[in-house]
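> Dropping the sequence and predicted coords here.
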Amino acid sequence: MNLIGELLIAILVLLGALLCGLGAFGLVRLPDVYLRSHAATKSATLGVLCVLAGAFLFFFFYIEVVSIKLLLGIVFVFITSPVAGHLNGRAAYRSGVPLWKGSVQDDLKPVLKKRETKQTDTQHKLE
Amino acid sequence: MISVLLNISLVILALAMLACLYRLIQGPTRSDRIVALDTIGIHLLAVIAVLGMQQRTEDYIDMVLVIGILTFIGTAALARYIERDAVIEPGGDKLDR
């Protein structure tokens, strides 16, 4: 039992650290804000989740406490980290950061343009 | 075995934070810098969890919660600042899109 727990903790912590490193590598190498945000947000979230789950198992096996605060931290990071990445991507798009020239699809552009024309139409009617 | 492995994980996380620091200094736009700061904060959570495992104490777990909350609030405020040039607008939300 103890050996299995140790092995599980080792795999979880090392996998989490490797995923964090992979996300940082993507953050350095990718060409665009949006692609960088994609790499950083997803892999860092999964990596931190793995490390925190390993810490939970560690405290469960070695100190024999069930750390509710750690579970709360896991749930909180799992909810807020993709939300933060999405907020940042939307802010970058609306403040006019250009897409990488190799990007093939831009779904937000026609939606924003349609809303803009609708707004100007209502303004004309009001005037 | 497990202490060696925790040391290896700490080294990998430190290298990842250094890479984020490079993006924080180099980043062409402000959004790049915000992404890098957010990622540094999230990696800091993992570093604190590994430190708590290394010293066999659960006193660091409060810090995980606090840093997670502060990172999220800081990123949300900075993204709002970039989007509207103000975190809290004086006359309410004018950018009604």
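Yep, it's here.
> In contact with the residue most central in space within chain A, which residues are there?
What sits nearest the mean C-alpha location of chain A, by Cα atoms, centre = their mean, is A:Thr41, with 2.6 Å. If you count contacts by Cβ atoms under 8 Å, 6 or more residues apart in numbering or on different chains, A:Thr41 has them with A:Ser81, A:Pro82, A:Ala84, A:Gly85, B:Val35, B:Asp38, B:Thr39. Where C-beta positions appear, they are placed from N, C-alpha and C, glycine not excepted.
> neighbour-wise, which of those leads?
B:Thr39 (33 neighbours; other Cβ atoms under 10 Å in any protein chain shown).
> circling back: using JSON lines, lay out the contacts of A:Thr41 together with pLDDT.
Shown next, in JSON lines, are those (pLDDT from 0 to 100):
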{"residue": "A:Ser81", "pLDDT": "91"}
{"residue": "A:Pro82", "pLDDT": "91"}
{"residue": "A:Ala84", "pLDDT": "92"}
{"residue": "A:Gly85", "pLDDT": "91"}
{"residue": "B:Val35", "pLDDT": "92"}
{"residue": "B:Asp38", "pLDDT": "93"}
{"residue": "B:Thr39", "pLDDT": "93"}
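> ok, so of the residues you listed, who is nearest A:Leu7?
Nearest to A:Leu7 among those: A:Ser81, at 27.6 Å, using Cβ to Cβ.
> check which helix or strand covers the closest one.
helix A:68-94 (DSSP states H and E).
> Tell me the secondary structure at the nearest residue to A:Ala92 once chain neighbours are set aside.
Closest residue to A:Ala92 apart from its sequence neighbours, by Cβ to Cβ, 6 or more residues apart in numbering or on different chains: B:Ser31 at 3.7 Å. Taking DSSP: H, G, I helix; E, B strand; the rest coil as the rule, one finds B:Ser31 in the helix state.
> how much space between B:Ser31 and A:Ser95?
When Cβ to Cβ, to the nearest Å is the yardstick, B:Ser31 and A:Ser95 sit 7 Å from each other.
> Give me the neighbour count for A:Arg94.
A:Arg94: 16 neighbours (other Cβ under 10 Å).
> Return the residues in contact with the residue nearest to it when sequence neighbours are not counted.
Using Cβ to Cβ, 6+ apart and skipping the chain neighbours, the partner closest in space to A:Arg94 is B:Glu83 (5.3 Å). B:Glu83 makes contacts with A:Arg90, A:Ala91, A:Arg94, A:Ser95, B:Leu95, as judged by Cβ under 8 Å, 6+ apart.
> Which single one of those residues is nearest to A:Asp121?
B:Leu95 (18.3 Å).
> Would you mind listing where chain A has pLDDT under the threshold?
Filtered on pLDDT under 70, chain A yields the residue ranges A:1, A:127.
> My error: substitute chain B in the last question.
By pLDDT under 70, the low-scoring segments of chain B are B:91-97.
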